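J.: Predicted coordinates and the sequence they were generated for:
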Amino acid sequence: MPTAVITGANRGIGLEFTRRYLEAGWRVFAVNRGHSDALRSLADNDRLALVRGELTHPSDLSRIAEHLANETIDLLINNAGIMGTDTFRHDTRQRQGLYDFDREEWRAVFEINLFTPMHLIALLRPRLATGARLVTISSSMGSIAGNEFGGWYAYRASKAAVNSLMKSVALELGESALAVALHPGWVRTDMGGENADIDVQTSVAGMMNVIEGLEAADNGAFIGFDGKRLDY
C-alpha cells in the first residue's frame, strides 16, 4: 500500500488531495497545525493518520519526522502555504507593494512557503521509497519569466525560491526520487478567492494526473495542473 504525507490537509487543495488519495487506496498522513471538521470527517478511514504540528517550528517538524520514523514514504506533498496578510480578495490594498515593505510579513511568508518544505524534505529524506515523488505546491506567480504585472513581492519571491529549491533537490537526489514544483492554477479557495478560474476538484485531479505520470525527464520541472511546463 503506497503512503503519502500531505501538509496543510485541513482544507482546500490539501483536503482534496487527502480525500482523493484515500479513495485511491493510499495510506495518508495528514499534517496540520490544527484539524478541521472536514478533515476529521475522513478520520474513520483506518488508512488516514492525523498528525498535528506547527509547521514553522523546527521542533514540531522534527517530532513529525520521528512520528514517521518507521514509514516508507512514496509521496510527499508540501501543500501548506500562505499568500501573506492580503489575498486576491483584498488586492486593492497591495500590502506587498514596492513601497510597503514589512520585514515580519516577508519572514512569515518565507517561513511556511520555503523554509518548511526545505526542512521537511531534509528530515524525511531517509524515509523516502526509491522513486518517491517530492511535490511542492508552487504558483505561476513564482515564475520570473512569466511575471507581467508585478506586485505581491513576498509571495512571488517565496514561490520563485521554492522552485529553485525543488530544482536543486532534483539534482541532488538524482534518480532515487522525482522532485517537482506544481502550479495548481488559480483555484477557488480561501487563498485564491471566489473569482478564481477553477475549482479545487479540477485542480487536484489535474495535479494527481501529473504526479502519476512523472518520468525521469520531469525531475526538477515546474509544471501546471494541466501538465504544461512553466518557465522559471
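T.: Alright, I've got the coordinates.
J.: Helices of the chain, residue ranges please.
T.: Using DSSP state H, the helices of the chain run over residues 12-23, 37-40, 58-67, 103-110, 116-124, 153-173, 200-212.
J.: Check which helices and strands the longest one sits against.
T.: Under the contact definition 3 or more CB pairs under 8 Å, 6 or more residues apart in numbering; DSSP states H and E, helix 153-173 sits against helix 103-110, helix 116-124, strand 128-137, strand 177-183. All C-beta atoms are positioned from the backbone trio N, CA, C, and that covers glycine.
J.: Tell me who's in contact with the closest residue in space to E111 that isn't next to it in sequence.
T.: Spatial nearest neighbour of E111, excluding adjacent residues (CB to CB, 6 or more residues apart in numbering): T56 at 4.4 Å. Contact analysis of T56 by CB atoms under 8 Å, 6 or more residues apart in numbering lists E111, I112, F115, T116.
J.: hmm, 7 Å instead?
T.: Going by CB atoms under 7 Å, 6 or more residues apart in numbering, T56 touches E111, I112, T116.
J.: In JSON lines: those residues, plus pLDDT and distance to H35.
T.: Formatted as JSON lines, those follow (pLDDT from 0 to 100; distance: CB to CB, whole Å):
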{"residue": "E111", "pLDDT": "97", "distance to H35": "21"}
{"residue": "I112", "pLDDT": "97", "distance to H35": "17"}
{"residue": "T116", "pLDDT": "98", "distance to H35": "18"}
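J.: most neighbours, which of those?
T.: Counting neighbours by other CB atoms under 10 Å, T116 comes out on top of the contacts of T56 with 24 neighbours.
J.: one step back: out of the helices and strands packed on helix 153-173, which one sits most buried?
T.: strand 177-183 (a mean of 25; mean count of other CB atoms under 10 Å).
J.: Could you report the pLDDT at the residue located most distally from the centre of the chain?
T.: Distance from the C-alpha centroid of the chain, by CA atoms, centre = their mean, peaks at Y99 (29.0 Å). Y99 carries a pLDDT value of 78.
J.: what's the spacing between stretch 44-62 and its chain's center?
T.: 15 Å (CA atoms, centre = their mean, to the nearest Å).
J.: show me what contacts the residue positioned nearest the centre of the chain?
T.: In the chain, the centroid-proximal residue (CA atoms, centre = their mean) is N79; its distance is 2.3 Å. For N79, the contact set (CB under 7 Å, 6+ apart) comprises I6, T7, G8, I13, G14, F17, I137.
J.: First residue to last residue on stretch 66-81, what's the distance there?
T.: In stretch 66-81, first residue to last residue: 22 Å (CA to CA, to the nearest Å).
J.: returning to that earlier point: point out the most buried one among the helices of the chain.
T.: helix 12-23 (a mean of 23).
J.: Which of the helices and strands in this structure ranks last by mean pLDDT?
T.: Using mean pLDDT, DSSP states H and E, helix 37-40 stands out as the lowest-scoring helix or strand of the chain, at a mean of 89.
J.: Just name whatever secondary elements it is in contact with.
T.: Helix 37-40 makes packing contacts with helix 12-23 when contacts are defined by 3 or more CB pairs under 7 Å, 6 or more residues apart in numbering; DSSP states H and E.
J.: and the helix it packs on with strand 177-183, angle?
T.: 130 degrees (axes from the mean of the first three to the mean of the last three CA atoms, to 10 degrees).
J.: just checking, what packs against helix 12-23?
T.: Against helix 12-23 (3+ CB pairs under 7 Å, 6+ apart) you get strand 3-7, strand 27-32, helix 37-40, helix 200-212.
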